[in-house]
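Chemist: After the sequence you'll find the predicted model.
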There are 2 protein chains.
Amino acid sequence: MASVTRQKEDDSAAKPSKDDCPCREGMKPRLDYNRRGFLLSAMAASTAGAVTATGAEAEKMKAPPGATLYDVPEDPTKEMARGVHEDGGYGTRSQFETETRIKAERPLDGTSWTYTPLASTIGNLTPSGLHFERHHGGIPTIDPSRHSLYVHGLVDQAKKFSVADIKSLPSITRRFFIECSGNTLAEWAKPTGKNVQVTHGLLSTSEWTGVPFATLARQVGLKENAAWVLAEGADAAVMTRSIPIDKLMTDALIAYGQNGESLRPEQGYPLRLILPGFEGNTQIKWLRRLQVSDRPFMTHEETATYTDLLKDGRAKQFTLAMDPKSVITFPSGEMILPTPGYYLIRGFAWTGRGRVNAVDISLDGGKSWAPARLDNDPEPMSTVRFSYPWFWDGKPAILQSRCIDDAGNVQPSRKELIAVRGLNSVYHYNAIQSWAVASDGSVSNVHV
Amino acid sequence: MASVTRQKEDDSAAKPSKDDCPCREGMKPRLDYNRRGFLLSAMAASTAGAVTATGAEAEKMKAPPGATLYDVPEDPTKEMARGVHEDGGYGTRSQFETETRIKAERPLDGTSWTYTPLASTIGNLTPSGLHFERHHGGIPTIDPSRHSLYVHGLVDQAKKFSVADIKSLPSITRRFFIECSGNTLAEWAKPTGKNVQVTHGLLSTSEWTGVPFATLARQVGLKENAAWVLAEGADAAVMTRSIPIDKLMTDALIAYGQNGESLRPEQGYPLRLILPGFEGNTQIKWLRRLQVSDRPFMTHEETATYTDLLKDGRAKQFTLAMDPKSVITFPSGEMILPTPGYYLIRGFAWTGRGRVNAVDISLDGGKSWAPARLDNDPEPMSTVRFSYPWFWDGKPAILQSRCIDDAGNVQPSRKELIAVRGLNSVYHYNAIQSWAVASDGSVSNVHV
């Protein structure tokens, strides 16, 4: 029976049979897109199978980051395969999975960031190895046995907590998204990002584990006039932000865990402040100090940098919670739909103001809307995967998604956002994203 | 301020100040235990800080699996750190995180397995790199563009699904545990496992993404007499199990996603059958064939192997759903509590029959019980983290946990389990685990 089945497999690999799902081809651009990390062509899509490596070919292949390269047998059932532990007891991904973060840099001040490949992640979590990064002074290497968190200021007794102290306190484990407030900042004036990784890739979701700030607050004792807290990182930028005490006492975590293991170095190892739904840079990485005060500290990052300039020239300060937002990840910029037919539109929706309540899809640039399907149960301050079955007739179409959260907030159109915010802002752009599908199947970023 | 804070850090590292949480030392055995992967000693615990690496020392250090080795600066705020992407766009864990899976082998038939380090994972998920493994014919290397799933038998139209076909269908993303039915099999007769990694480490939890079997069933059309389905893997063992059609139509997934990315090779890349709550080996990895029938196929694995021999000599067949179970991971076997004082008891609870409803803790070998705290929201067929604050008075104690699920099932004591099952069984041992804490703080596996 096994051999019979395999025979069929080989046949199909050579020439896909007609009863195959028509959408099959539709996925190839995505696979091929991942493989290359940038522009794909119809030809590239049609030859996506070319990465198949057998025997000697596999030898020639270079293992992608985070993968170990193995020979590919003609029939895996006919030879004993590798045993466990060639990876030293910490597994790696398949050699056929080649997605990486795309790097961006600002030579001026030496800061850098990377974008998560949203079009190729699967499910709701972001693999820790693909979580977006935004560093103001590089990624410090910190020995946890020498790191501590100092809590002082308007408290009854200042206290230093070692990492072990923090880990010994009751913890909470929840999934939250983190979005950089600069996500999609290039989209204010004109459609700039060529693909969804660079337009929306400063968004990631993890399972975070940590101790509520409220637990530490009980140990140090907050003074009555405690209103703001300075959070400080142990990186070269000594990143600092002022956080309202109410937020800290509501759902903030002193996190040490991410996706089942310790925080990754890029995400603040060994300690990070997690502020569910707040802009990313306030969730201080490599956290080493919390100073309680009766007023904000007006740090560089919250005065010169992360404020929103309105049309009348005044700067809106402390825009902390991220507004409802969504984006279609398939199909999206630089992909190509090889043929008309069935496609499953996929994307992410999120809000920093509660749970995602619904996601609507438009195929006509916002004239009409229909509800999408939510692929995972919405959780507070976390992303939701949505999908929508679409039969493309081959005519030009403009695909959009909009997020509605359970507080009743609706993701605005670009016109609606600009009417309120003007065009002077840099951060907190949460307008509806439009992807234009041309009659040749090519997908591009447009403003409507 | 920065230097002042760091100064304090160095002081504490040298001699912990009295206002440090007394439990701090209590964590060291865990950290040290992870570092060595086996027995730790009180001395080792007391010198856990010795792994601190600075400058030249770091050069000498060997990077643990899944980590990149970097120099450790004296003060991370005083020098610009590494930028993004030295990892090629797919991040690695910290060099101070050294947990690995422990390997076991059965030379007789060449099969092998690895245990998840339950005492050192954080939160509820298992990092993909530390997910337990159980292979019957090794880990095949499969090119997804050449792999397919053939669904045939009692159907209106047999159909072959490419991996791309599967990915193009609406998917569901949920978190489920997978437990090998052989987990804790060495505990029937006498306390065998020296630590929790080898007693209970054939348990892991992931976020799985896949297409419901019911979706495929609609495409092929099930005959009226469809009752069982043979699931077959593409590994050298051609692993096969018979699954009741009701389970498949209820919550089974044809999974291609694990923790945000494609399945890891050891977990069935590119396709795995996920049967929430069922014993691990039925959740066929490298899935390539589903044959619908009106009866079970009585394969080798479900007749000669995965059955439970009762005391009267009859074999109980098709014990598929895993019963409620729990285990304390801290403190656990081979750990040492350096001093009396406060410790946070931690562990996992799970059930294949619904949600975990509650977890009880006993400090006196089962005479009295008190409710533990659940650290994450219970989800169907998924693990729950529990914790319980304990002030150890320095006297001998026997720590136990028991799981109660929302179907009313209660994890049995060892005596209760044996009264029903006898001592002939190999699989499905779910009795309450006992850890004895001696007056010298050493923790060991005992039966009471």
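Modeler: All right, it came through fine. Numbers count the residues shown, from 1 in each chain, chains lettered A, B, ... in the order given.
Chemist: Let me see the ranges of the helices in chain A.
Modeler: Secondary structure of chain A (DSSP state H): helices located at A:2-14, A:24-36, A:42-46, A:56-60, A:163-167, A:196-200, A:213-220, A:245-251, A:300, A:414-421.
Chemist: how many other residues sit next to residue A:214?
Modeler: Counted with other CB atoms under 10 Å in any protein chain shown, the neighbours of residue A:214 add up to 14. In short, each C-beta sits where N, CA and C put it, glycine included.
Chemist: so who does the closest residue to it other than its chain neighbours touch?
Modeler: Distance criterion CB to CB, 6 or more residues apart in numbering or on different chains; nearest residue to residue A:214, sequence neighbours excluded, is residue A:249 at 5.2 Å. By CB atoms under 8 Å, 6 or more residues apart in numbering or on different chains, the residues touching residue A:249 are A:213, A:214, A:217.
Chemist: Tell me how far the first one lies from residue B:340.
Modeler: In other words, residue A:213. Distance, residue A:213 to residue B:340, by CB to CB, to the nearest Å: 29 Å.
Chemist: just residue A:183 next, same as before
Modeler: With CB to CB as the criterion, residue A:183 and residue B:340 are 50 Å apart.
Chemist: okay, the two: which has more neighbours?
Modeler: Set residue A:183 next to residue B:340 and count neighbours by other CB under 10 Å: residue A:183 wins out with 25 against 14.
Chemist: so what's the residue nearest to residue A:78 when sequence neighbours are not counted up against?
Modeler: In this structure, residue A:78 finds its nearest non-sequential neighbour in residue B:236, 7.4 Å apart by CB to CB, 6+ apart. For residue B:236, the contact set (CB under 8 Å, 6+ apart) comprises A:76, A:77, A:78, A:79, A:80, A:81, B:137, B:138, B:140.
Chemist: Show me which pair in those residues is furthest apart.
Modeler: With CB to CB as the measure, no two of these lie farther apart than A:78 and B:138, at 12.0 Å.
Chemist: who has more neighbours, those two?
Modeler: residue B:138 (20 against 12).
Chemist: what's the pLDDT at the spatially closest residue to that one that is not a sequence neighbour?
Modeler: Leaving aside its chain neighbours, residue B:138 sits nearest to residue A:81 (3.0 Å; criterion: CB to CB, 6+ apart). Note on residue A:81: pLDDT of 86.
Chemist: got it, and the one 10 residues further on?
Modeler: The per-residue pLDDT reported for residue A:91 equals 94.
Chemist: so it touches residue B:132, yeah?
Modeler: No: counting by CB atoms under 8 Å, residue A:91 stays clear of residue B:132, with 10.6 Å between them.
Chemist: Overlap of the contact sets of those two?
Modeler: Counting by CB under 8 Å, 6+ apart, the contacts common to residue A:91 and residue B:132 are residue B:101.
Chemist: low pLDDT regions in chain A?
Modeler: Applying pLDDT under 70 to chain A flags residues A:1-60, A:107-110.
Chemist: quick revisit: and of the contacts of residue A:249, the nearest to residue B:358?
Modeler: Looking across these and measuring by CB to CB, the closest to residue B:358 is residue A:214, at 24.0 Å.
Chemist: where's residue A:257 relative to residue A:329, distance?
Modeler: 27 Å.
Chemist: what's the burial count for residue A:83?
Modeler: When neighbours are counted by other CB under 10 Å, residue A:83 registers 18.
Chemist: wait, doesn't it sit right on residue B:135?
Modeler: Yes: the criterion here is CB under 8 Å, and residue A:83 meets it with residue B:135 at 7.0 Å.
Chemist: Can you show me the strands along the stretch 301-448 of chain A?
Modeler: A:308-309, A:315-316, A:325-330, A:341-350, A:356-362, A:370-371, A:373-374, A:384-392, A:397-405, A:434-437, A:443-446 (DSSP state E, counting those that start in this stretch).
Chemist: Kindly reformat those as a markdown table and extend each row with mean neighbour count and distance to residue B:66.
Modeler: As requested, the strands of the stretch 301-448 of chain A are exported to a markdown table (neighbours: other CB atoms under 10 Å in any protein chain shown; distance: least, CB to CB, whole Å):
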| stretch | mean neighbour count | distance to residue B:66 |
| --- | --- | --- |
| strand A:308-309 | 18 | 40 |
| strand A:315-316 | 13 | 43 |
| strand A:325-330 | 27 | 27 |
| strand A:341-350 | 23 | 27 |
| strand A:356-362 | 22 | 33 |
| strand A:370-371 | 11 | 41 |
| strand A:373-374 | 16 | 33 |
| strand A:384-392 | 20 | 27 |
| strand A:397-405 | 23 | 35 |
| strand A:434-437 | 22 | 36 |
| strand A:443-446 | 19 | 36 |
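Chemist: Next, the contact list for the residue lying closest to residue A:410 once chain neighbours are set aside, please.
Modeler: Counting by CB to CB, 6+ apart, residue A:410 lies nearest to residue A:404, which is 5.1 Å off, once chain neighbours are set aside. Neighbouring residues of residue A:404 by CB under 8 Å, 6+ apart: A:324, A:356, A:357, A:358, A:359, A:360, A:410, A:411.
Chemist: Pull up the residues of the stretch 251-400 of chain A that are close to chain B.
Modeler: By the rule CB under 8 Å from any CB of the partner chain, the part of the stretch 251-400 of chain A lying against chain B is A:256-266, A:269-270, A:286, A:288-289, A:342-344, A:373, A:375-377, A:385, A:387, A:389.
Chemist: Turn the buried ones among the residues you listed into a named PyMOL selection, would you?
Modeler: A single PyMOL command suffices to select whichever of these are buried according to 16 or more other CB atoms under 10 Å in any protein chain shown:
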select buried, chain A and resi 256+257+258+259+260+261+262+263+264+265+266+269+270+286+288+289+343+344+373+375+376+385+387
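Chemist: how much space between residue A:71 and chain B?
Modeler: From residue A:71 across to chain B, the span is 7 Å (CB to the nearest CB, to the nearest Å).
Chemist: Now that residue, what are its backbone angles?
Modeler: Dihedral pair for residue A:71: phi -70, psi 150, per degrees, to the nearest 10.
Chemist: who's in contact with whatever residue of the stretch 301-448 of chain A ends up closest to chain B?
Modeler: Nearest residue of the stretch 301-448 of chain A to chain B, counting by CB to the nearest CB: residue A:376, 4.2 Å away. By CB under 8 Å, 6+ apart, the contact list for residue A:376 reads A:123, A:124, A:384, A:385, B:172, B:173, B:174.
Chemist: backbone phi and psi for it, please?
Modeler: According to degrees, to the nearest 10, residue A:376 has phi -140, psi 160.
Chemist: so what's it closest to, chain neighbours aside?
Modeler: residue B:173 (4.2 Å).
Chemist: my guess is the one you found meets residue A:378, correct?
Modeler: No: the criterion here is CB under 8 Å, and residue B:173 misses it with residue A:378 at 11.7 Å.
Chemist: quick one, which of the two is more surrounded?
Modeler: residue B:173 (22 against 19).
Chemist: show me the contacts for the more buried one.
Modeler: Residue B:173 is in contact with A:123, A:124, A:375, A:376, A:385, B:207, B:208, B:209, B:257, counting by CB under 8 Å, 6+ apart.
Chemist: how about these in TSV, adding distance to residue A:198?
Modeler: Formatted as TSV, the contacts of residue B:173 follow (distance: CB to CB, whole Å):
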residue	distance to residue A:198
A:123	22
A:124	21
A:375	24
A:376	25
A:385	21
B:207	26
B:208	29
B:209	24
B:257	23
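Chemist: Determine which two of the residues you listed are furthest apart.
Modeler: A:385 and B:208 (12.9 Å).
Chemist: mind exporting stretch A:406-418 as PDB, just the C-alpha atoms?
Modeler: The C-alpha coordinates for stretch A:406-418 follow below in PDB (Å, rounded to 0.1, in the frame of the first residue of the first chain):
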ATOM      1  CA  ASP A 406     -14.900  45.400  21.800                       C
ATOM      2  CA  ALA A 407     -14.700  49.000  23.000                       C
ATOM      3  CA  GLY A 408     -16.400  49.900  19.800                       C
ATOM      4  CA  ASN A 409     -13.400  51.600  18.200                       C
ATOM      5  CA  VAL A 410     -13.300  51.200  14.400                       C
ATOM      6  CA  GLN A 411     -10.100  51.300  12.300                       C
ATOM      7  CA  PRO A 412     -10.300  54.500  10.200                       C
ATOM      8  CA  SER A 413      -9.800  55.000   6.500                       C
ATOM      9  CA  ARG A 414      -6.800  57.000   5.600                       C
ATOM     10  CA  LYS A 415      -8.900  60.100   4.800                       C
ATOM     11  CA  GLU A 416     -10.700  59.800   8.200                       C
ATOM     12  CA  LEU A 417      -7.300  59.500  10.000                       C
ATOM     13  CA  ILE A 418      -5.800  62.500   8.300                       C
END
